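**Student:** Okay, here's the prediction I keep looking at, along with the sequence it came from:
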Amino acid sequence: MEPSLIIDQLTAGYEGKAAVQNISLNIYKHKITAIIGPSGCGKSTLLKSLNRMLEEETNTFISGNILLEDQNVMMMDKEILRRKIGLVFQTPSPFPFSIYKNMTYAPKYYGVKRKADLDDIVKEKLKMTGLYDEVKEELQKNARHLSGGQQQRLCIARALTSNPRILLLDEPCSSLDVNSSRHIEELLMKLKRDYTIVIVTHNIAQARRISELTAFMDHGEIVEYGDTKTLFENPLKQETVDFLNGEY
């Protein structure tokens with residue numbers, strides 16, 4: 001397997017206190033990597049560190065190295081970095097305007113001007129998320145009038161308009177019903193053909209269903225990381241056993 005992202009001795013946190021510490025692991029191309037662990041263990045902080053979104057919050061710090069295509073992301077222009085590593089948040093967050101404008105916001109910002117090109121991007125990315133046929137007659141509709149599941153798929157489609165290499169998702173199904181969650185899971189399984197995906201999830205069954213690799217975190221550290229099937233069926237650490245058995 002070839003790594004998309006190499007994380008080396010990453011430490012990050014808030015107001016001088018580390019939320020994650022000494023994290024080292026590889027994120028592999030065209031795989032879904034799940035990050036699981038108890039609430040407050042540092043999963044979201046780790047995720048937001050990977051494209052330096054953590055730095056947009058107050059009194060935060062990051063140290064260590066994260067290599068993307070042999071480039072240290074700590075030395076990259078943030079705008080360039082976030083084109084390559086997209087992040088979708090836990091709560092669906094469409095911009096307060098039309099579906100079409102949501103989808104063309106990033107392409108326009110990055111210089112796409114021709115309406116025909118913008119139309120192609122909108123159609124392509126909405127089709128990738130299975131949303132196009134549902135909204136093609138309503139592209140001028142306010143995106144916030146979509147259902148929760150549709151809003152989350154729109155946010156994923158919007159993230160794809162920048163053509164990222166890696167897609168980060170922070171609890172993307174936590175506020176969705178079972179049917180919408182299933183749609184998101186099926187979508188991610190398709191998207192991994194073209195993208196590398198990292199998903200933070202509190203849903204252990206979801207991690208087991210859709211990921212090839214799983215990292216179990218606790219107290220800001222990686223306790224165990226490896227092949228999902230092996231980690232779930234034959235974990236090496238007692239902490240992992242206890243967590244998976246609901247005894248944590």
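**Tutor:** Ah, there it is.
**Student:** What residues sit buried inside stretch 74-91?
**Tutor:** For stretch 74-91, a neighbour-count test (16 or more other C-beta atoms under 10 Å) marks 74, 76, 81-90 as buried. Bear in mind the C-beta positions are built from the backbone N, C-alpha and C, glycine included.
**Student:** Quick one: the residues you listed as a markdown table, columns for pLDDT and secondary structure too.
**Tutor:** As requested, those are exported to a markdown table (pLDDT from 0 to 100; DSSP: H, G, I helix; E, B strand; the rest coil):
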| residue | pLDDT | secondary structure |
| --- | --- | --- |
| 74 | 94 | helix |
| 76 | 95 | coil |
| 81 | 95 | helix |
| 82 | 94 | helix |
| 83 | 94 | helix |
| 84 | 96 | helix |
| 85 | 97 | strand |
| 86 | 95 | strand |
| 87 | 95 | strand |
| 88 | 94 | strand |
| 89 | 89 | coil |
| 90 | 86 | coil |
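**Student:** Of the residues you listed, just say which sits nearest to residue 159.
**Tutor:** Closest approach to residue 159 among these (C-beta to C-beta): residue 86, at 3.8 Å.
**Student:** And the closest one, how far from residue 53?
**Tutor:** Per C-beta to C-beta, to the nearest Å, residue 86 is found 10 Å from residue 53.
**Student:** need the helices for this structure, in chain order.
**Tutor:** In the chain, the helices defined using DSSP state H lie at 43-50, 78-84, 99-109, 115-128, 132-135, 148-160, 178-191, 204-210, 228-233, 238-244.
**Student:** Of all residues in the chain, which one is nearest the centre?
**Tutor:** The centroid of the chain falls nearest to residue 168 when counting by C-alpha atoms, centre = their mean (1.6 Å).
**Student:** quick one: the spatially closest residue to that residue that is not a sequence neighbour and residue 97, what's the gap?
**Tutor:** Nearest in space to residue 168, with sequence neighbours left out and distances taken as C-beta to C-beta, 6 or more residues apart in numbering, is residue 87 at 4.5 Å. Per C-beta to C-beta, residue 87 is found 21 Å from residue 97.
**Student:** and residue 77, backbone torsions?
**Tutor:** In terms of degrees, to the nearest 10, the main-chain angles of residue 77 are phi -60, psi 130.
**Student:** And it, how close does it get to residue 156?
**Tutor:** The gap separating residue 77 from residue 156 is 24 Å, by C-beta to C-beta.
**Student:** What of residue 179?
**Tutor:** Applying C-beta to C-beta, the value for residue 179 to residue 156 is 16 Å.
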